[in-house]
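[1] Need coordinates for the below:
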Amino acid sequence: MKPGPRNLLTDVTGLLVGNAEDQDLKSGVTVVTSDVPFVASVHVMGGAPGTRETDLLAPDKTVAGIDALVLSGGSAFGLAACDGVVDGLRRAKRGFPVGPVTVPIVPGAILFDMVNGGNKGWADNPYPKLGRAALDAAGVDFNLGSTGVGTGALDSCFKGGLGSASVMLDSGRTVAALMAVNPVGSVTTPGGNHFWAAPHEMGDEFGGVGPDPRSNLVTPDPSQKMAMIAAVGQDRANTTIGVIATDAALTKAQCHRLAVAAHDGIARAIQPAHSPFDGDLLFAVSTGAGLVVDDMALFELGHAASVCVARAIARGVFEATPRPGDVLPTWNDRKRKAQR
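    This next block holds a predicted model:
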């Protein structure tokens, strides 16, 4: 198992990723799409999700392929980012044929980034425009950290961000993850020096600091983020959302099982995870064609997906960059100050 050539979701052949953000708003949108429809499902483990059209992704539902997935900031307002993506795809004549029209199928999920120092006093909802811009920007190369849906993300004590990671398996299959990191929990062990995901790091993709050598790491640092959101009377203001993808041929039911297994990566990289205050959700995507895999292959894919999720979460925080008006520091800024 080794990283793919880009160490990004787009190492899975056929997938494209686009980001759009507004730095004054401190929020943004990330779109995952492809030139052809792809199979997808979803699994939700957080207690406070925000979603659009995810019911269609259940194995028993009629639609077999979707045209794009949207990850957005903005809480419930951000679900409107899907409208911009739908409009763009419709103009490209993409979608599910229904009589004389085609209807683009675009599920989405949102995270809460409304208390992060950004200007939230808009007159018109900015998210449809951001969604369309992210779709137009879709390609095989994209940035990580404070961009797209990760622009205004926060973890317990640091800026969050957008992360990605991939692996190439001995079987020749590729698995990859794209994660927007905005949890109530911490991505780092107490003290903030080490990532929980460090045992799964490949090379120095998130700093190469290594695992925390201490034991009894069960009491997290006080959450600066929770103190801020409590001050405005909010608690369900978090979420880690993402996309798992593989070029193996999977059914919708197998995609669902892949998403279930991949949630282990959230638990490995964030503590605590899957809380009542998080909307933790993972989409799972297959771009493969031909014969679907058997259960033993799915077993391998699920483990690889969980490893990619953990690594992508740490990369999202590691790649975050500072901006004026930030309410929390980046992990790299804190590390530099500690070394002075």
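[2] For this structure, which segments are assigned as strands?
    15-22, 27-44, 51-52, 66-72, 96-98, 101-103, 108-110, 161-168, 174-182, 239-246, 281-286 (DSSP state E).
[3] Tabulate those strands in CSV, adding columns for mean pLDDT, distance to R315 and mean neighbour count.
    Bear in mind the C-beta positions are built from the backbone N, C-alpha and C, glycine included. Rendered in CSV, the data for the strands of the chain read as follows (pLDDT from 0 to 100; distance: least, Cβ to Cβ, whole Å; neighbours: other Cβ atoms under 10 Å):
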stretch, mean pLDDT, distance to R315, mean neighbour count
strand 15-22, 98, 14, 23
strand 27-44, 96, 14, 25
strand 51-52, 94, 24, 18
strand 66-72, 97, 15, 30
strand 96-98, 84, 34, 11
strand 101-103, 88, 35, 14
strand 108-110, 96, 19, 29
strand 161-168, 98, 4, 28
strand 174-182, 97, 8, 31
strand 239-246, 94, 12, 32
strand 281-286, 97, 16, 28
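[4] Looking at those strands, which is nearest to I266?
    strand 239-246 (5.7 Å; Cβ to Cβ).
[5] how big is the angle separating the closest one from strand 174-182?
    Computed by axes from the mean of the first three to the mean of the last three Cα atoms, to 10 degrees, the angle separating strand 239-246 from strand 174-182 equals 170 degrees.
[6] and strand 239-246, what does it pack onto?
    Contacts defined by 3 or more Cβ pairs under 8 Å, 6 or more residues apart in numbering; DSSP states H and E place strand 239-246 against strand 66-72, strand 108-110, strand 174-182, helix 252-269, strand 281-286, helix 295-318.
[7] quick check: angle from the fifth one to strand 174-182?
    Read it as strand 281-286. Using the same axes, to 10 degrees: strand 281-286 against strand 174-182 is 160 degrees.
[8] Partner strands of strand 281-286 and their direction?
    According to DSSP bridges, strand 281-286 forms sheet pairs with strand 27-44 (antiparallel), strand 239-246 (parallel).
[9] right, and the ones you listed - which one's nearest V70?
    Here strand 27-44 is closest among the strands paired with strand 281-286 (Cβ to Cβ), at 5.6 Å.
[10] on that earlier part again, of all the strands paired with strand 281-286, which lies closest to H263?
    strand 27-44 (6.4 Å).
[11] what distance separates that closest one from the middle of the whole chain?
    10 Å (Cα atoms, centre = their mean, to the nearest Å).
[12] With stretch 86-99 instead?
    25 Å.
[13] re the thing from before, now tabulate the strands of the chain in TSV and tack on distance to N143.
    Shown next, in TSV, are these (distance: least, Cβ to Cβ, whole Å):
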stretch	distance to N143
strand 15-22	6
strand 27-44	10
strand 51-52	25
strand 66-72	14
strand 96-98	31
strand 101-103	31
strand 108-110	20
strand 161-168	8
strand 174-182	12
strand 239-246	16
strand 281-286	20
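[14] Quick check: which of these is nearest to G131?
    strand 27-44 (5.0 Å).
[15] C-alpha coordinates for the closest one, CSV please?
    Taking Å, rounded to 0.1, in the frame of the first residue of the first chain, the C-alpha atoms of strand 27-44 are listed here in CSV:
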residue,chain,number,x,y,z
SER,A,27,-16.5,29.8,3.7
GLY,A,28,-16.6,27.9,0.5
VAL,A,29,-17.7,24.9,-1.6
THR,A,30,-16.0,21.8,-2.9
VAL,A,31,-17.5,19.7,-5.8
VAL,A,32,-16.7,16.2,-6.8
THR,A,33,-17.8,15.3,-10.3
SER,A,34,-16.9,13.2,-13.4
ASP,A,35,-17.5,13.3,-17.1
VAL,A,36,-19.9,10.4,-16.7
PRO,A,37,-22.3,9.4,-13.9
PHE,A,38,-20.9,7.3,-11.1
VAL,A,39,-22.2,4.9,-8.4
ALA,A,40,-22.4,6.3,-4.9
SER,A,41,-23.9,5.7,-1.5
VAL,A,42,-23.6,7.4,2.0
HIS,A,43,-23.4,6.6,5.7
VAL,A,44,-24.1,9.1,8.4
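[16] Strand 66-72 and that strand, what's the angle between them?
    120 degrees.
[17] got the angle between strand 27-44 and strand 15-22?
    Orientation check (the same axes, to 10 degrees): strand 27-44 against strand 15-22 gives 130 degrees.
[18] among the strands paired with strand 281-286, which is nearest N125?
    strand 27-44 (11.4 Å).
[19] Now do the closest one against helix 252-269, angle only.
    110 degrees.
[20] Going forward, count from 42.
    Okay, using 42 as the starting number, the last item reads as strand 68-85.
[21] quick one: strand 68-85 to strand 202-209, angle?
    Here strand 68-85 points in a direction 50 degrees away from that of strand 202-209 (the same axes, to 10 degrees).
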